[in-house]
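**Student:** Using only what follows, build the 3D model:
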Amino acid sequence: MSKKNAFYAQSGGVTAVINASAAGVIEAAREHGDVIGKVYAGRDGIVGALTEDLIDTSEESAGAIAALRHTPSGAFGSARYKLKGLEESRAQYERLIEVFKAHDIGYFFYNGGGDSADTCLKISQLSEKMGYPIQAIHIPKTMDNDLPHTDCSPGFGSVAKYTAVSIREAGFDLASMCKTSTKVFILEVMGRHAGWTAAAGGLAAEAEGQDPHILLFPEIAFDEDKFLARVEDCVKRYGYCTIVASEGVRNADGEFLSDAGNTDAFGHKQLGGMAPTLAELIQTRLGHKYHYAIADYLMRAARHIASQTDVDQAYAVGRAAVEYAAAGKSGIMVSIVRESDEPYQWSIGEAPLEEVANVEKMMPREFISEDGFHITDAARRYLKPLIAGESYPPYADGLPQYARLKKVAVKKKLKDTFEI
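**Tutor:** Here you go, the predicted structure:
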């Protein structure tokens, strides 16, 4: 096998542990110097490849790369930039191959969700047709936990931990003040189509009456009267009510309750805020004083409370991608295989990209209580191991210390430019 360089890119919404995957890729590639040359990272994700804006990771010290394991967000920059089908945007794919060829890149590691898996698959297929084979490996990442053929998605476990911890702490706060003050607290969490993150909040309730009292999932149609009746019942029984609501809650007609009327680069609906929508409903119909919080970027950037399981898995899938590539594999996604629940044991596997691309894994109905407002024991068995363990970053002067890379640019070789 001839020695080729590798290209690594981060895609879509970043997570608290995506950089751990980057560290896994770069460190493993350095160990495979016999078949892999330099690792170039795309500045701002796939956009960096299209515009030939590459970062030479060989300029980063071993210490800086190791520090990525405890650094949140996307160290090299990410992008919400969707490449369409080959017939619609063939020029974009051909441009990628052109850039890869110019920089002697034979390995493509794409770290992202379902759309990224689709791009990875298409590059693998087109490169073969163009006579410049690229070994394309997809590295799973999404806090939404909606990738198929993997037990979980790196990035989810830490968001799940953040959600469960946050609603437990907020519940203690509310309980101490509810007699004369706020009666309802709503925590809005990410999750457009799948309710995994909202479900994770349910782990905080280990006994009857503990927080959260209500969970709202995209998989369960929102019934206004039923919801308000449950809120009122909780206030009467416990003195207050805590709610974890997914941003993607829909009504019986399948419409988002918080549709802001816009779409993003992937064609996804822009959601305008589930928490204030629910709060206004509660205040208008029930008259209760409320507070709400929209976790948003805070939950996916919260490296200070990351799950050790999540960090370990994120790093492992990055290393495995390189091991698979060095073994000659392509057109696959690295997967996490659950061996057992208690004790939680897992291993690394693989899944064909044809079965991963553009497929969303929803919450199974057996994970949601019969009334639709909480999680079942089956969900708890699945979720608990994913938030296990603490992996604190190093602190100095009271603040976490994160990696700040040099991000040295690779000299461009192509004369033409590409507009995105």
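**Student:** For the protein, list the residue farthest from the centre, please.
**Tutor:** With C-alpha atoms, centre = their mean as the measure, the chain has its most outlying C-alpha, relative to the mean C-alpha position, at residue 180: 39.2 Å.
**Student:** Quickly list the domain ranges of the chain.
**Tutor:** Under the assignment named as automatic domain parsing, the residue ranges that make up the domains of the chain are 4-142+305-359+388-400, 156-303.
**Student:** okay, how far is it across the first one, tip to tip?
**Tutor:** If I follow you right, that is domain 4-142+305-359+388-400. With C-alpha to C-alpha, to the nearest Å as the measure, the first residue of domain 4-142+305-359+388-400 is 37 Å from its last.
**Student:** How far does that domain sit from its chain's centre?
**Tutor:** Taking the mean of its C-alpha atoms, domain 4-142+305-359+388-400 sits 13 Å from the chain's own mean (C-alpha atoms, centre = their mean, to the nearest Å).
**Student:** ok, now stretch 163-183?
**Tutor:** Counting by C-alpha atoms, centre = their mean, stretch 163-183 comes out at 27 Å from the chain centroid.
**Student:** residues of it that come out buried?
**Tutor:** Residues of stretch 163-183 classed as buried under the neighbour-count rule (16 or more other C-beta atoms under 10 Å) are 163-168, 170-171, 174-175, 178, 183. In this view, the C-beta of every residue, glycine as well, is placed from N, C-alpha and C.
**Student:** Likewise for stretch 179-196?
**Tutor:** In terms of neighbour count (16+ other C-beta under 10 Å), stretch 179-196 has its buried residues at 183-196.
**Student:** With stretch 273-293 instead?
**Tutor:** Across stretch 273-293, burial judged by 16+ other C-beta under 10 Å covers 273-275, 277-279, 281-282, 286, 288, 290-292.
**Student:** Mind checking which of those are in helices?
**Tutor:** For the buried residues of stretch 273-293, membership in helices holds for 274-275, 277-279, 281-282, 286, with DSSP state H as the criterion.
**Student:** will you turn these into CSV that also has pLDDT and distance to residue 45?
**Tutor:** Listed next are those as CSV, based on pLDDT from 0 to 100; distance: C-beta to C-beta, whole Å:
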residue, pLDDT, distance to residue 45
274, 92, 28
275, 95, 30
277, 93, 32
278, 96, 34
279, 95, 35
281, 95, 38
282, 97, 40
286, 98, 45
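**Student:** Skip the chain neighbours and tell me the closest residue to residue 50.
**Tutor:** Of all residues not flanking residue 50 in the chain, residue 418 sits nearest, at 5.2 Å (C-beta to C-beta, 6 or more residues apart in numbering).
**Student:** Residue 408 now?
**Tutor:** Once chain neighbours are set aside, the closest to residue 408 by C-beta to C-beta, 6+ apart is residue 59, at 4.1 Å.
**Student:** Just give the nearest non-adjacent residue to residue 412, would you?
**Tutor:** Spatial nearest neighbour of residue 412, chain neighbours left out: residue 52 (5.0 Å); criterion: C-beta to C-beta, 6+ apart.
**Student:** and the one you found, helix, strand or coil?
**Tutor:** When states are read from DSSP: H, G, I helix; E, B strand; the rest coil, the local structure at residue 52 comes out as coil.
**Student:** Surely residue 183 and residue 242 touch.
**Tutor:** No - taking C-beta atoms under 8 Å as the definition, residue 183 is not a contact partner of residue 242, at 10.3 Å.
**Student:** before we move on, the earlier item: report the two of the buried residues of stretch 179-196 separated the most.
**Tutor:** For the buried residues of stretch 179-196, the maximum inter-member distance is 30.7 Å, found between 183 and 193 (C-beta to C-beta).
**Student:** separation between the residue nearest to residue 50 and residue 19?
**Tutor:** The gap separating residue 418 from residue 19 is 27 Å, by C-beta to C-beta, to the nearest Å.
**Student:** and if you look at residue 362?
**Tutor:** Distance of residue 362 to residue 19, given as C-beta to C-beta: 28 Å.
**Student:** Which one's more surrounded, those two?
**Tutor:** More neighbours surround residue 19 than the other of residue 362 and residue 19, with 30 against 15 (other C-beta atoms under 10 Å).
**Student:** List the residues that contact that one.
**Tutor:** By C-beta atoms under 8 Å, 6 or more residues apart in numbering, the contact set of residue 19 is 68-69, 71-75, 403.
**Student:** again, 6 Å this time
**Tutor:** By C-beta atoms under 6 Å, 6 or more residues apart in numbering, the contact set of residue 19 is 68, 71, 75.
**Student:** again, but for residue 175
**Tutor:** Neighbour list for residue 175: empty [criterion: C-beta under 6 Å, 6+ apart].
**Student:** what distance separates the helix or strand containing it from the centre of its chain?
**Tutor:** According to DSSP states H and E, residue 175 maps onto helix 156-177. The chain centroid and the centroid of helix 156-177 are separated by 19 Å, computed with C-alpha atoms, centre = their mean.
**Student:** what do you get for stretch 139-150?
**Tutor:** Stretch 139-150 has its average C-alpha position 7 Å from the chain's average C-alpha position, going by C-alpha atoms, centre = their mean.
**Student:** Show residues contacting it.
**Tutor:** Looking at stretch 139-150 with C-beta under 6 Å, 6+ apart, the contacting residues turn out to be 15, 18, 21, 109, 111-113, 152-156, 159, 191, 194, 196, 300, 317-318, 321, 333-336, 351, 355-356, 359-361.
**Student:** Number of residues surrounding the residue nearest to residue 408?
**Tutor:** By the measure other C-beta under 10 Å, the count of residues near residue 59 is 14.
**Student:** That one and residue 410 touch, don't they?
**Tutor:** No - using C-beta atoms under 6 Å, residue 59 and residue 410 do not qualify as a contacting pair, with a distance of 9.5 Å.
**Student:** can you pull the contacts of residue 4?
**Tutor:** Contacts of residue 4 were listed using C-beta under 6 Å, 6+ apart, and they are 104, 106.
**Student:** and it, what are its bridge partners?
**Tutor:** Using DSSP bridges, the bridge partners assigned to residue 4 are residue 36.
**Student:** Retrieve the pLDDT associated with it.
**Tutor:** In the predicted model, residue 4 carries a pLDDT score of 97.
**Student:** Ok, the one 5 residues further on next?
**Tutor:** With respect to pLDDT, residue 9 scores 98.
**Student:** Confirm it sits in a strand?
**Tutor:** Yes - residue state for residue 9 (three-state DSSP) corresponds to a strand.
**Student:** Give the bridge partners for it, please.
**Tutor:** Beta-bridge pairing of residue 9 under DSSP bridges involves residue 110.
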